[in-house]
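>>> below are the sequence and a predicted model; questions follow.
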Amino acid sequence: MAAQKDRTKKSSTTVEVKAEAPAGEEAVEERPKSALDEVMSQAERAYAAYMDAERQVAKAYHENEMQVAKAYKRAEAQASRAYESTATQALKDRDEAIAKAAKARQDLMQKAEDAYQAAEAAANSAYEAAIGEAATGRSENLERAWTVRDETIEQAWQIYSKIAR
């Protein structure tokens, strides 16, 4: 824009020289000079407005950049909080699941122990019953065998006593 200003100043100088060259037309010279001044003044105001607008745009871009950075920081913090919350909840859920599994394991081990003891008691009871029956059967068999022996001996004595008489 500075180069444009310089060109404009050169143009106005040239116009002044041209305006001074013809003699006797002073009224006409004033008019173009004031129109040129007015155009220059408008151009300078337009340039100042342009520069002001450029500063405002730069400021707006800077403010937007700051807002975007703040929004990013908020999103980053929110993501971190969400991660921490999720990680904490996952850890809590894991601990609860492990505790439930340990309790279920303990319950199953207790049930298995109870079942083992019941089976052992049933086996011992069946053993005792079988031993009792076997002992009873043995006693009965021994008693019958003793009775048969006694009868056989009695018969043998009777036969011997008949022979020996």
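Received the coordinates, thanks. Numbering: from 1, shown residues only.

>>> what's the longest helix in this structure?
helix 26-164 (DSSP state H).

>>> run through the neighbouring helices and strands of that one.
On a contact count with 3 or more C-beta pairs under 8 Å, 6 or more residues apart in numbering; DSSP states H and E, helix 26-164 meets helix 2-20. (Each C-beta comes from the backbone N, C-alpha and C, glycine too.)

>>> and the helix it packs on, what's its mean pLDDT?
Mean pLDDT, helix 2-20: 45.

>>> residue 161 - how many residues pack around it?
For residue 161, the neighbour count with other C-beta atoms under 10 Å is 9.

>>> how much space separates residue 39 from residue 45?
Counting by C-beta to C-beta, to the nearest Å, the separation of residue 39 from residue 45 is 11 Å.

>>> the two - which one has more neighbours?
Shown here are residue 39 and residue 45; by other C-beta under 10 Å, residue 39 has more neighbours (13 against 10).

>>> centroid-nearest residue for this protein?
Closest to where the C-alpha atoms of the chain average out (C-alpha atoms, centre = their mean) is residue 86, at 4.9 Å.

>>> mind listing what it touches?
When the contact criterion is C-beta atoms under 8 Å, 6 or more residues apart in numbering, residue 86 has no partners at all.
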